[in-house]
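Asks: Predicted model and sequence below, questions to follow.
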Amino acid sequence: MKNTATARYAGHLRTEATHTASGNAIQTDAPVDNHGRGEAFSPTDLVSTALGSCMMTVMGIVAERHNWDLVGSSFAVLKHMSTEPPRRIAQIDVTFTLPATLAPQERTLLERAAHTCPVGLSLHPDVRQNIVFEYK
């Protein structure tokens, strides 16, 4: 079985990871408040962003099934780190902006679907997920 990704430590608290199937690469950098330069996503930034990306993807699957257009929809993520040791993500806020043209029943279906995303279901229950849906 092939790896999902491979990565190497590049020094100076940075890693370079490559997605095996596509060859796409990303870098991570430790955040400034944890001895890094903050010049790329930190690993905890990726986890937080993955939650929003996963939820949007699941909503996209439902939208495509029903022929609803979500193109241009967006989300913003705010990660809150624990103030007490050990260092960990304490809360992830995700605010989605979706088309105002969606009917109430469509909104309900999309919001329910978002909460079934595998990333959200994989996070430890101590990581609070504050999810907001705005329609504009």
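Replies: Happy to help now that I have it.
Asks: Report the secondary structure state of F133.
Replies: Three-state call for F133 (DSSP: H, G, I helix; E, B strand; the rest coil): strand.
Asks: Next up, the contacts around it.
Replies: Residues near F133 by C-beta atoms under 8 Å, 6 or more residues apart in numbering: 96, 98, 107, 110-111, 114. Bear in mind the C-beta positions are built from the backbone N, C-alpha and C, glycine included.
Asks: Go through these and name the one nearest A40.
Replies: Lowest distance from A40 to the contacts of F133 (C-beta to C-beta) belongs to F96, with 24.5 Å.
Asks: correct me, but that closest one touches L70?
Replies: No - if you go by C-beta atoms under 8 Å, F96 and L70 don't touch, sitting 9.8 Å apart.
Asks: between the two, what contacts are shared?
Replies: Jointly contacting F96 and L70 under the rule C-beta under 8 Å, 6+ apart are 56, 59.
Asks: which of those two has more neighbours?
Replies: F96 (21 against 17; other C-beta atoms under 10 Å).
Asks: just to revisit the earlier point, just the buried members of the contacts of F133?
Replies: The neighbour-count criterion (16 or more other C-beta atoms under 10 Å) marks 96, 98, 110, 114 among those as buried.
Asks: need the contact list for the last one.
Replies: Residues counted as contacts of A114 (C-beta under 8 Å, 6+ apart) are 55-56, 58-59, 96, 120, 131, 133.
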